[in-house]
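S.K.: Here you go, sequence then predicted model.
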Amino acid sequence: MPKGATETKTLKVGDQAPNFSLKAHGNREVSLSDFLGKKNVFIAFYPLDWTPV
């Protein structure tokens with residue numbers, strides 16, 4: 001397992017997602033708990049526009 005990685009379990013429909021933090025645009029850090037009870041959350045990952053993927 002890579003350094004800093006943690007073991008995870010597979011979530012099933014209806015399971016509560018564990019809290020996590022990610023780097024966002026503008027070098028901000030955003031946590032799932034920031035949105036608890038406020039909004040629906042949709043997460044998308046994509047390569048940068050200038051990468052050859």
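M.R.: That came through fine.
S.K.: Spatially central residue in this protein, please.
M.R.: residue 22 (5.5 Å; CA atoms, centre = their mean).
S.K.: Near the closest residue to residue 24 other than its chain neighbours, how many other residues are there?
M.R.: What sits nearest to residue 24 in space, not counting adjacent residues and going by CB to CB, 6 or more residues apart in numbering, is residue 30, at 4.5 Å. The way it works is simple: take the backbone N, C-alpha and C, and place the C-beta from them, glycine included. Neighbour count for residue 30, taken as other CB atoms under 10 Å: 15.
S.K.: Distance of residue 30 relative to residue 48?
M.R.: 18 Å (CB to CB, to the nearest Å).
S.K.: rewinding a little: what kind of secondary structure is the residue nearest to the centre of the chain in?
M.R.: Secondary structure for residue 22, judged by DSSP: H, G, I helix; E, B strand; the rest coil, is strand.
S.K.: my read: it touches residue 28, true?
M.R.: No - contact criterion CB atoms under 8 Å: residue 22 and residue 28 do not qualify, at 9.4 Å.
S.K.: OK, contacts around residue 11?
M.R.: Listed by CB atoms under 8 Å, 6 or more residues apart in numbering, the contact set of residue 11 reads residue 17.
S.K.: So it: helix, strand or coil?
M.R.: Under three-state DSSP, residue 11 comes out as coil.
S.K.: quick one: strands adjacent to the worst-scoring helix or strand of the chain on mean pLDDT?
M.R.: Using mean pLDDT, DSSP states H and E, the weakest-scoring helix or strand in the chain turns out to be strand 21-24, at a mean of 86. When pairing is defined by DSSP bridges, strand 21-24 lines up against strand 28-31 (antiparallel).
S.K.: Can I get the strand it pairs with in CSV, CA atoms only?
M.R.: Provided in CSV are the C-alpha atoms of strand 28-31 (Å, rounded to 0.1, in the frame of the first residue of the first chain):
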residue,chain,number,x,y,z
ARG,A,28,-8.1,25.2,-1.2
GLU,A,29,-8.9,22.1,0.9
VAL,A,30,-12.5,20.9,1.0
SER,A,31,-13.9,18.3,3.3
